[in-house]
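S.K.: take this sequence and fold it.
(one chain, ligands or ions: 1)
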Amino acid sequence: MCGIVGAVSERDVQGILLEGLRRLEYRGYDSAGMAVINGKPEVQRAREVGKVAALADAISANPLAGHLGIAHTRWATHGEPSQVNAHPHMSGDRLAIVHNGIIENYQELREELKAEGFEFTSQTDTEVVAHLIGKNYKAGGNLYNAVKTAIGRLRGAFALAVVHANEPDHLVVCREGSPLVVGVGIGENFIASDQLALLPVTDRFMFLEEGDIADIRKDKIEIHDREGQAVERSISRFEHGADSADKGEYRHYMLKEIYEQPKVIKATMEGRITATRVLEQALGTDAENLLENVRHVQIIACGTSYHAGMVARYWIEDLAGVPCSVEVASEFRYRKHVIQPDTLFLCISQSGETADTLAALRQAKKAGFRAALAICNVPGSSLVRESDLVIMTQAGPEIGVASTKAFTTQLTALLIFTLALARHNGLNAEREADIVKAIHLLPGQVNDVLALDGEIEEMSKAFMDKNHSLFLGRGSQYPVAMEGALKLKEISYIHAEAYPAGELKHGPLALVDSEMPVVTVAPNNDLVEKLKSNLEEVRARGGELFVFADKAADVKPEEGLHVMQIPSVHEITAPIVYTVPLQLLSYHVAVLKGTDVDQPRNLAKSVTVE
Ligand code: M6R
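M.R.: The predicted model follows:
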């Protein structure tokens, strides 16, 4: 949720930290701050409410030059967004800390520290950690030991970076439940919540493991694991190119990411399918053995990734004939479940750091699922490291808070996985070839939909002054409708609800009038005639319909019924193609309404707290 970045170098680190924060802003953007050590006896600190630009202005007026520093962009959990609650937090004037995560026992520690005379200036859980480390430091330790002792008292999830003016040549960092990566430079080293923050300065990264604590100097990185053993963490290279995290010619990251879909869907299928078959080995060396024995699939995810799981359930039960359950992670983790024998536990996550999804995975591993498979977009993420089998989507960095290309690449990976599973469950070669050929057509078909952008922009004007909307779909298009509704609500702040179209008359029809636009996805499939009857139900109540339909579905435009023709696509791959016009529609409504498209209010990209 929050973003942290740190640097130790021979050069001035202020610019590196600021650029790192700009790149981490998608993780939280209600306040930002920086602390630098520059030879003075005390830490130099700046904090501002609002976006990183506000901090940049403050720093340009009063520069914070120095060779060692930490910085933070916040998504408030404890205490309102304000300057006093912004990080870095300090204990005295020499120790500064930035934190991502939640300290669950902070109240109890706060009371204890208050009783010992520590004074608090913020409502945050982080300040408690600062004082805890400060107390240990005063007791005669060095910074490393002070941090190590302090984290033994913390319950919750955290990534921390700490500096002390008395020790101006290093920073101490640790992770427990929140991501932290070390960027390896030459004569300089860095840390951040996400490697994207550091791409201007390095492409070599070490991913810290849970429980690691690291001492970062400009020419040395020392890591110890939870047991206190010195450990090496391998260095991996960032493969997407440093400019993959830039907006380029696009007005917003979200639009860039929508337009990248043909390319990244192709990248996700590459090496995993031939012209007619899925290459099972490409899903992992153990995939064949694993899939042979799967009798049930349990999918867990949140938000958009959950919608991908909902689509996959239709595919898995239809093509593989294997029972499949899908649940949001925050519900799954807090209830008792009955585990069917030989159940594959499948987590879907763009970031691989979503706290609820990770917690569900950790529970599942203890509970006796057959194996854990992750569909994930971020190499080296916690989800990837903790799963038995991994299928990486190849979406590249997704910066816009509203997930777009992550969703369509998740669906591509899930369909390929489904075909591999189905082959073990009687799918014949002819049907497999038919669907694999349809997968190959996806990049071109998504391009065709992108060509409708101008018309969709025109259509979006009808939503500008509306407060509510309904999204309808049937079968595997129902989750597509859910995804469309989520996109509209999160970036345009218009209330949007999705319903399976057949459910309309069981309640939501009462809402329909001319002020309630109804968006519908209508590919040509077995359900299209039933869907058309549902549309009539809406029209009869004066509702205005916006239908994305296959030509062959024969939905005719009429008064109050706007139809946009979508090129004909295979029934199985249709959810991927029909998602794209809904993304564009939401995008244009948000632009017209003037909202902050890439960083919508109250949200953050990566939800690493519960
Ligand atoms: O990184 P994850 O896929 O685990 O994230 C899950 C959700 O937080 C995410 O999809 C969220 O719903 C997006 N903002 C939707 O656009």
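
S.K.: Ser403 is in contact with Gly303, isn't it?
M.R.: Yes: Ser403 is within contact range of Gly303, at 7.0 Å (criterion: C-beta atoms under 8 Å). Bear in mind the C-beta positions are built from the backbone N, C-alpha and C, glycine included.

S.K.: is stretch 359-377 positioned near the ligand?
M.R.: No: contact of stretch 359-377 with the ligand (C-beta under 6 Å from any ligand atom) is absent, the minimum separation being 7.7 Å.

S.K.: export that stretch as PDB, just CAs?
M.R.: C-alpha atoms of stretch 359-377 as PDB (Å, rounded to 0.1, in the frame of the first residue of the first chain):
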ATOM      1  CA  ALA A 359      -2.700 -15.300   3.900                       C
ATOM      2  CA  ALA A 360      -5.100 -17.700   2.100                       C
ATOM      3  CA  LEU A 361      -2.200 -19.400   0.400                       C
ATOM      4  CA  ARG A 362      -0.300 -19.800   3.600                       C
ATOM      5  CA  GLN A 363      -3.400 -21.300   5.300                       C
ATOM      6  CA  ALA A 364      -4.000 -23.600   2.300                       C
ATOM      7  CA  LYS A 365      -0.500 -25.000   2.500                       C
ATOM      8  CA  LYS A 366      -1.100 -26.000   6.000                       C
ATOM      9  CA  ALA A 367      -4.600 -27.300   5.300                       C
ATOM     10  CA  GLY A 368      -3.600 -30.100   3.000                       C
ATOM     11  CA  PHE A 369      -4.400 -29.000  -0.600                       C
ATOM     12  CA  ARG A 370      -2.700 -31.000  -3.200                       C
ATOM     13  CA  ALA A 371      -0.500 -28.200  -4.500                       C
ATOM     14  CA  ALA A 372      -0.500 -24.400  -4.900                       C
ATOM     15  CA  LEU A 373      -0.500 -22.800  -8.400                       C
ATOM     16  CA  ALA A 374       0.000 -19.100  -8.800                       C
ATOM     17  CA  ILE A 375      -1.000 -17.000 -11.800                       C
ATOM     18  CA  CYS A 376       1.000 -13.800 -11.200                       C
ATOM     19  CA  ASN A 377       2.500 -10.900 -13.000                       C
END
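
S.K.: quick revisit: which of Ser403 and Gly303 has more neighbours?
M.R.: When neighbours are counted by other C-beta atoms under 10 Å, Ser403 and Gly303 differ, and Ser403 comes out ahead with 27 against 23.

S.K.: skip the chain neighbours and tell me the closest residue to the more buried one.
M.R.: Thr304 (4.0 Å; C-beta to C-beta, 6 or more residues apart in numbering).

S.K.: and the one you found, what does it touch?
M.R.: Neighbour list for Thr304: 350, 403, 406-407, 483, 486 [criterion: C-beta atoms under 8 Å, 6 or more residues apart in numbering].

S.K.: just the buried residues of the helix or strand hosting Glu458, please?
M.R.: Taking DSSP states H and E as the criterion, Glu458 maps to helix 453-460. Going by neighbour count (16 or more other C-beta atoms under 10 Å), the buried part of helix 453-460 is 453, 456-457, 459-460.

S.K.: now those in TSV, with distance to Glu257?
M.R.: What follows is those, written out as TSV (distance: C-beta to C-beta, whole Å):
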residue	distance to Glu257
Asp453	14
Ile456	16
Glu457	17
Met459	21
Ser460	18
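
S.K.: show me where the stretch 1-150 of the chain has strands.
M.R.: For the stretch 1-150 of the chain, applying DSSP state E, counting those that start in this stretch gives strands covering 3-8, 31-37, 44-49, 68-74, 89-91, 95-103.

S.K.: in JSON lines: those strands, plus mean neighbour count.
M.R.: Putting the strands of the stretch 1-150 of the chain into JSON lines (neighbours: other C-beta atoms under 10 Å) gives the following:
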{"stretch": "strand 3-8", "mean neighbour count": "31"}
{"stretch": "strand 31-37", "mean neighbour count": "29"}
{"stretch": "strand 44-49", "mean neighbour count": "20"}
{"stretch": "strand 68-74", "mean neighbour count": "31"}
{"stretch": "strand 89-91", "mean neighbour count": "24"}
{"stretch": "strand 95-103", "mean neighbour count": "28"}
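
S.K.: could you dump those strands to a markdown table with mean pLDDT and distance to the ligand?
M.R.: Formatted as a markdown table, these follow (pLDDT from 0 to 100; distance: least, C-beta to the nearest ligand atom, whole Å):
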| stretch | mean pLDDT | distance to the ligand |
| --- | --- | --- |
| strand 3-8 | 96 | 15 |
| strand 31-37 | 96 | 21 |
| strand 44-49 | 96 | 23 |
| strand 68-74 | 96 | 17 |
| strand 89-91 | 97 | 26 |
| strand 95-103 | 93 | 15 |
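
S.K.: distance to Val278 for those strands - can I get that in JSON lines?
M.R.: Formatted as JSON lines, the strands of the stretch 1-150 of the chain follow (distance: least, C-beta to C-beta, whole Å):
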{"stretch": "strand 3-8", "distance to Val278": "38"}
{"stretch": "strand 31-37", "distance to Val278": "46"}
{"stretch": "strand 44-49", "distance to Val278": "51"}
{"stretch": "strand 68-74", "distance to Val278": "41"}
{"stretch": "strand 89-91", "distance to Val278": "51"}
{"stretch": "strand 95-103", "distance to Val278": "38"}
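
S.K.: for Asp219, which of those is the nearest?
M.R.: Closest of the strands of the stretch 1-150 of the chain to Asp219 is strand 3-8, at 9.3 Å (criterion: C-beta to C-beta).

S.K.: name all residues that make contact with the closest residue to the ligand within the stretch 301-450 of the chain.
M.R.: Of all residues in the stretch 301-450 of the chain, Gly303 sits closest to the ligand, at 1.9 Å by C-beta to the nearest ligand atom. Shown in contact with Gly303 (C-beta under 8 Å, 6+ apart): 403, 486.

S.K.: immediately after whatever helix or strand Ala312 lives in, which helix or strand?
M.R.: Counting by DSSP H and E, the element that carries Ala312 is helix 303-315. Going down the chain from helix 303-315, the next helix or strand is strand 324-328, by DSSP H and E.

S.K.: next, the buried residues of that next one.
M.R.: Quick answer for strand 324-328 (16+ other C-beta under 10 Å): 324, 326-328.

S.K.: would you mind pulling the contact partners of it?
M.R.: So strand 324-328 is contacted by 296-302, 306, 309-310, 312-313, 316-317, 356 (C-beta under 8 Å, 6+ apart).

S.K.: switch the cut-off to 6 Å
M.R.: Contacts with strand 324-328, where a contact means C-beta atoms under 6 Å, 6 or more residues apart in numbering, come from 297-299, 302, 306, 309-310, 313, 316-317.

S.K.: flag every residue of the stretch 251-400 of the chain that's near the ligand.
M.R.: That would be 302-305, 349-351, 354, 357, which are the residues of the stretch 251-400 of the chain within reach of the ligand (C-beta under 6 Å from any ligand atom).

S.K.: which of those residues has the most neighbours?
M.R.: Neighbour max across these (other C-beta under 10 Å) = Ser349, 34 neighbours.

S.K.: I am finished for the moment; much appreciated.
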